[in-house]
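Asker: take a look and give me a structure for this.
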Amino acid sequence: MAQIFTASADTRLRAVALLGVVAVVMALVVLGGYADSSYATLVGWVEHQPVPFSHQHHAGELGIDCRYCHAAAETGAQAGLPSTFTCMTCHSQIWTGAPVLAPVRASLASGKPLEWNRVARLPDYVYFDHSIHLSRGVPCVTCHGRVDRMPLTSRAQPFQMQWCLDCHRNPAPHLRPPAEITRMDWSSQGEKPAIHAVYGALMTKVYGIEPAKLTQCNICHR
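Answerer: Below you'll find the model as predicted:
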């Protein structure tokens, strides 16, 4: 009876199987690397806006509080974006003819709101409430980074599930006194870490924060 397979058939089969395994492993490595790259998370990327608003100038140099423009942050799920009237509170008096502010003046004249593009965007299937975080003392800088140093606003954190869970499992280090939530540089956190640790642990009990419940699926997926 004639031989069906050649002597090297087994070797070729093993080589093909090995290459298949290597290809799968490489694909997983590439996908994993992409998922953590700035191309996927958009960390550090600047979002185009109708007006090149500078948080560095307004929040940093002028010291304008975050809540002046994001007025709903303490009372609602969404922080809100500044209305044209908020912008014109100042710019009806200063920089009134600046070309860069032409879209703001056009918005005021037409009554059509400016269409700002969100920088910190979560997927539609994720529920996030600004008010509950701020009322418990989670500062703006935790999620949005040092916006007071950003000439143009970019995403500071990846907003991946693991990043959120890390905070939910151990929220104490992220808690501040309510009066300090919009302060970008809270130097006492680094100068007195022991006191800060005691404060975080104490306020976790005061607010009734239960990390075990914060990791349940229905907290963020409703």
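
Asker: for the rest of this, base every contact and every neighbour count on C-alpha atoms.
Answerer: Fine.

Asker: okay, and residue 25 sits in which element?
Answerer: If you go by DSSP states H and E, residue 25 is part of helix 9-36.

Asker: now do that helix, average pLDDT.
Answerer: The average pLDDT for helix 9-36 rounds to 71.

Asker: residue 83 and residue 112 touch, don't they?
Answerer: No - using Cα atoms under 8 Å, residue 83 is not in contact with residue 112, being 10.1 Å away.

Asker: which of these two has more neighbours?
Answerer: Between residue 83 and residue 112, residue 83 has the larger neighbour count (other Cα atoms under 10 Å), namely 18 against 11.

Asker: mind listing the helices in this structure by residue range?
Answerer: For the chain, the helices defined by DSSP state H cover 9-36, 38-41, 55, 66-69, 84-91, 102-110, 130-135, 140-144, 161-169, 188-191, 193-206, 211-214, 217-220.

Asker: and the nearest residue to residue 141 once chain neighbours are set aside, its phi and psi?
Answerer: Nearest non-adjacent residue to residue 141, counting by Cα to Cα, 6 or more residues apart in numbering: residue 184, 5.9 Å away. Main-chain torsions, residue 184, degrees, to the nearest 10: phi -80, psi -40.

Asker: quick one, grab the pLDDT at residue 184.
Answerer: Note on residue 184: pLDDT of 91.

Asker: so what's it up against?
Answerer: 140, 141, 146, 147, 148 (Cα atoms under 8 Å, 6 or more residues apart in numbering).

Asker: hmm, residue 59 and the last one touching each other?
Answerer: Yes - shown here, residue 148 and residue 59 form a contact pair, counting by Cα under 8 Å, at 5.2 Å.

Asker: residue contacts, the closest residue to residue 167 other than its chain neighbours?
Answerer: Using Cα to Cα, 6+ apart and skipping the chain neighbours, the partner closest in space to residue 167 is residue 174 (7.6 Å). Contact analysis of residue 174 by Cα under 8 Å, 6+ apart lists 137, 138, 139, 142, 167, 200.

Asker: most packed of the helices of the chain?
Answerer: Highest mean neighbour count among the helices of the chain (mean count of other Cα atoms under 10 Å): helix 55, with a mean of 21.

Asker: other SSEs contacting it?
Answerer: When contacts are defined as 3 or more Cα pairs under 8 Å, 6 or more residues apart in numbering; DSSP states H and E, helix 55 packs onto no helix or strand at all.

Asker: list the contacts of that helix.
Answerer: For helix 55, the surrounding residues in contact (Cα under 8 Å, 6+ apart) are 147, 148, 149, 150, 151, 152, 153.

Asker: now stretch 139-153
Answerer: Residues from elsewhere that reach stretch 139-153 (Cα under 8 Å, 6+ apart): 46-47, 52-61, 119-120, 133-134, 155-157, 174-176, 180-184.

Asker: rerun at 6 Å
Answerer: 46, 54, 55, 56, 59, 60, 156, 181, 182, 184 (Cα atoms under 6 Å, 6 or more residues apart in numbering).
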